[in-house]
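1. I would like to see how this sequence folds:
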Amino acid sequence: MSSSSASTSDGADRPIDGPIDAPIDAAVGGATHGATDGTPAGARSGGGRLVLVGTPIGNLGDLTPRSVDALAAADLVCCEDTRRTGRLLQHAGIRARELRVVNDHTEDRAVDDVLARLGRGETVAVVSDAGMPGISDPGESLVAAAAGAGFTIEVVPGPSAAITALVASGLPAGRFAFEGFLPRKGSGRTERLAAVAVERRTVVLYEAPHRVARTLDDLLRACGPDRRVVLARELTKLHEEHWRGTLASAVARVSDIEPRGEYVLVLDGAPAPAEVTDDHIVAAIDRARAAGASTRDAVAEAAAELGVPKRRAYALATR
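-> A predicted model of the protein is given here:
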């Protein structure tokens, strides 16, 4: 077979060597996936499709047969790192037609080319290094552009570090807020910390190991020492860990060890204020409006969050 071209993480085009014969589990039968007739998958299906594919967050056993099929059928796979995605494809027995680096620095530049390929009827798959693309990872701009141009958007669901950590945390999971990575400095970080401090729902954050101590210290200052938190790391891997305690004890813990691996922080929601004042209600309505809610929806959200009658919230929203 002829080798396929792939863009590596440094932007260069390099061949993908010969047949890939790595073993694969029984769910896909050990076969090498991918078309051999040279016809673009999108052209065969009659229209361009952008397919978001969830990938394992640590355990390769979490790669689903449907994900394998989607990646094998794609004319182009957009990924953060071709070496890492290449190893995943090799594990699954997939010969990719083409890989392209689409990361935080290149996603906006890739939009026009991806739209052109969708316009030719091709299928473009999007993956991140781990988990679901578009969640604190590249993919959001591609989806917005493709949806705006009227192309089909499909999702092949897969693992999510945020949801995995949340459901294992033991904290309330019925309603939660996903914050992802906080801004590293400046007023943006200060404002987000202030919002997290008063958020009544459970909050899920991501943090790198070399910054987790600082973030926990900032959360302690914003939320107080007694707020419950769960530190999750190495999710789905051999040394998976869920540490539970207060922010004060979490700060002490990370000062005693060398943090390793990406962290998911699951933070308990803020306690209800002893007395809900008009200012509390107005602030909740303003937050909902700032997030794009209509007055009616903002009133409903504020009333539910603070446990006050809707008529009281509505009167304050319209005064």
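2. I'd like the mean pLDDT over stretch 210-217, please.
-> Per-residue pLDDT over stretch 210-217 has a mean of 96.
3. all helices for this protein, in order.
-> Remark: helices assigned in the chain by DSSP state H are 41-45, 65-73, 82-92, 107-119, 140-148, 161-169, 186-198, 212-223, 247-256, 278-290, 295-306, 310-317.
4. my read: Glu122 touches Leu76, true?
-> Yes - counting by C-beta atoms under 8 Å, Leu76 is a contact partner of Glu122 at 6.5 Å. Every C-beta, even on glycine, is put in place using the N, C-alpha and C of the backbone.
5. count the neighbours of the nearest residue to Thr64 once chain neighbours are set aside for me.
-> Nearest non-adjacent residue to Thr64, counting by C-beta to C-beta, 6 or more residues apart in numbering: Gly158, 6.7 Å away. Using other C-beta atoms under 10 Å, Gly158 is surrounded by 22 other residues.
6. thinking again about what came up before, just send the helices of the chain back as TSV, with distance to Arg175 too.
-> Converted to TSV, those look like this (distance: least, C-beta to C-beta, whole Å):
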stretch	distance to Arg175
helix 41-45	39
helix 65-73	29
helix 82-92	34
helix 107-119	31
helix 140-148	23
helix 161-169	11
helix 186-198	15
helix 212-223	18
helix 247-256	21
helix 278-290	14
helix 295-306	9
helix 310-317	18
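7. and those helices, which one is worst for confidence?
-> In terms of average pLDDT, helix 41-45 trails the rest of those, at a mean of 43.
8. nearest to Val51 among the helices of the chain would be which one?
-> The closest of those to Val51 is helix 65-73. By C-beta to C-beta, the value is 5.3 Å.
9. picking up where we left off before, quick one, phi psi at the residue nearest to Thr64?
-> Phi and psi for Gly158, reported as degrees, to the nearest 10, are phi -150, psi -170.
10. ok, back up a step: could the helices of the chain be laid out in JSON lines, adding distance to Glu179 and mean neighbour count?
-> Shown next, in JSON lines, are these (distance: least, C-beta to C-beta, whole Å; neighbours: other C-beta atoms under 10 Å):
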{"stretch": "helix 41-45", "distance to Glu179": "36", "mean neighbour count": "18"}
{"stretch": "helix 65-73", "distance to Glu179": "27", "mean neighbour count": "20"}
{"stretch": "helix 82-92", "distance to Glu179": "25", "mean neighbour count": "19"}
{"stretch": "helix 107-119", "distance to Glu179": "21", "mean neighbour count": "17"}
{"stretch": "helix 140-148", "distance to Glu179": "16", "mean neighbour count": "16"}
{"stretch": "helix 161-169", "distance to Glu179": "10", "mean neighbour count": "20"}
{"stretch": "helix 186-198", "distance to Glu179": "6", "mean neighbour count": "14"}
{"stretch": "helix 212-223", "distance to Glu179": "11", "mean neighbour count": "19"}
{"stretch": "helix 247-256", "distance to Glu179": "15", "mean neighbour count": "16"}
{"stretch": "helix 278-290", "distance to Glu179": "14", "mean neighbour count": "16"}
{"stretch": "helix 295-306", "distance to Glu179": "17", "mean neighbour count": "18"}
{"stretch": "helix 310-317", "distance to Glu179": "25", "mean neighbour count": "17"}
